[in-house]
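Peer 1: Provided below for reference: sequence and predicted model.
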Amino acid sequence: MNFSIYRATQNLVDCPGDNSWLGKQEKAVLDNLRFTKRRSDWRLGRWTAKQVIKGFLISEPEDISFSQIEILADPDGAPKVYLKNKPAPFTVSISHSHGRAFCVLAPSNKPIGCDIEFIEPRDENFIRDYFTTEEMAWVKSCKQTLKPLISNLIWSAKESTLKVIKQGLRMDTRSVHIFRCETGNTQNWQPLEIELNKSKKYFGWWKTMEGFILAIATEEENLRP
Ligand SMILES: CC(C)(COP(=O)(O)OP(=O)(O)OC[C@H]1O[C@@H](n2cnc3c(N)ncnc32)[C@H](O)[C@@H]1OP(=O)(O)O)[C@@H](O)C(=O)NCCC(=O)NCCS
């Protein structure tokens, strides 16, 4: 049986200017964020996550307002959802890039991670520092025009996987290996094969959208967009 990954992307212009849709605890977090870009990314991530959560809860008999959905951070930084102050029975992951946010939701608290990246050239030093030898060879073998797509795809899939295990960049990005895949039809979700520490398999999905890469990683083969 396959389970759906709920998902949404939103732009800065979609996000309301006021904060009435934030919960009390979220407003307190926002009050402590000093930098304009961080505040703006944080708000857009919450707004996008609430769109996905509302979509997931649509068939629930009990109505829940935007401000009764709160997305707070666990001590490791991973997002944790509360519905009317109680932990939600599902998991979300949030990412932002260049004024756009991407959020995914997995039912039944299955671990999930996502990432959005603007497709732009990546520095050779960046690739050398963060990619495995095989990933470097994959980028090197591509046509010049494909290099930004492939290098951002690899990076995005790595970040998604490191969010599944809630480590983020505390962990060496070379411990996550992204296997070479087809890059023909990039506008539909494509599967990705991922390995952590040369042993554990993860399941990934990716696509392009308006100049961005969207990537998702999960532990479950039957969880798909
Ligand atoms: C997770 C991480 C790779 C995100 O990278 P990024 O390129 O800055 O940002 P993205 O926009 O793709 O993702 C940011 C979101 O990742 C999520 N996130 C942060 N830490 C996370 C973790 N440990 N596990 C899963 N998700 C996490 C958050 O939802 C965050 O958005 P928010 O803070 O607005 O809610 C990076 O934040 C990281 O490595 N964090 C852990 C190490 C660290 O320095 N933590 C400091 C705070 S405890």
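Peer 2: Arrived safely, thanks for sending. Numbering: from 1, shown residues only.
Peer 1: so who does the most far-flung residue of the chain relative to its centre touch?
Peer 2: Residue farthest from the centre of the chain, counting by CA atoms, centre = their mean, is Pro61 at 28.7 Å. Contacts for Pro61 (CB atoms under 8 Å, 6 or more residues apart in numbering) come out as none. C-beta: built from backbone N, CA, C; applies to glycine.
Peer 1: Likewise for Asp74?
Peer 2: Contacts of Asp74 by CB under 8 Å, 6+ apart are Lys80, Lys166.
Peer 1: quick one: pLDDT of it?
Peer 2: At Asp74, the pLDDT value in this model is 97.
Peer 1: Same check on Ala106?
Peer 2: So Ala106 comes in at 96 (pLDDT).
Peer 1: Which residues of the protein lie near the ligand?
Peer 2: 41-42, 45, 73, 76-79, 94-96, 115, 159, 162-163, 166, 168-170 (CB under 6 Å from any ligand atom).
Peer 1: Would you write a PyMOL line that selects the buried entries of these?
Peer 2: Buried subset of the residues of the chain next to the ligand, written as a PyMOL selection, criterion 16 or more other CB atoms under 10 Å:
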select buried, resi 41+42+45+78+79+94+95+96+115+159+162+163+166
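Peer 1: and the residues of the chain next to the ligand, which of them are in strands?
Peer 2: Within the residues of the chain next to the ligand, residues falling in strands by DSSP state E are Ala73, Pro79, Ile94, Ser95, His96, Asp115.
Peer 1: Export the residues you listed to a markdown table and append columns for distance to Thr186.
Peer 2: Putting those into a markdown table (distance: CB to CB, whole Å) gives the following:
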| residue | distance to Thr186 |
| --- | --- |
| Ala73 | 32 |
| Pro79 | 27 |
| Ile94 | 23 |
| Ser95 | 18 |
| His96 | 21 |
| Asp115 | 16 |
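Peer 1: Leu57: which of those residues is nearest?
Peer 2: Pro79 (16.4 Å; CB to CB).
Peer 1: ok, the longest strand out of those in the chain: who's next to it in the sheet?
Peer 2: For the chain, the strand that runs over the most residues, judged by DSSP E, is strand 200-209. With DSSP bridges as the test, strand 200-209 is paired with strand 190-196 (antiparallel), strand 212-218 (antiparallel).
Peer 1: just how off-centre is that strand within its chain?
Peer 2: Chain-centre distance of strand 200-209: 11 Å, with CA atoms, centre = their mean, to the nearest Å.
Peer 1: Flag every buried residue along that strand.
Peer 2: Tyr202, Phe203, Gly204, Trp205, Trp206, Lys207, Thr208.
Peer 1: other SSEs contacting the top helix by length along the chain?
Peer 2: Assignment by DSSP state H gives helix 36-56 as the longest helix of the chain. In this structure, helix 36-56 packs against strand 6-11, helix 24-31, strand 69-73, strand 79-83, strand 90-97, strand 100-107, with contacts taken as 3 or more CB pairs under 8 Å, 6 or more residues apart in numbering; DSSP states H and E.
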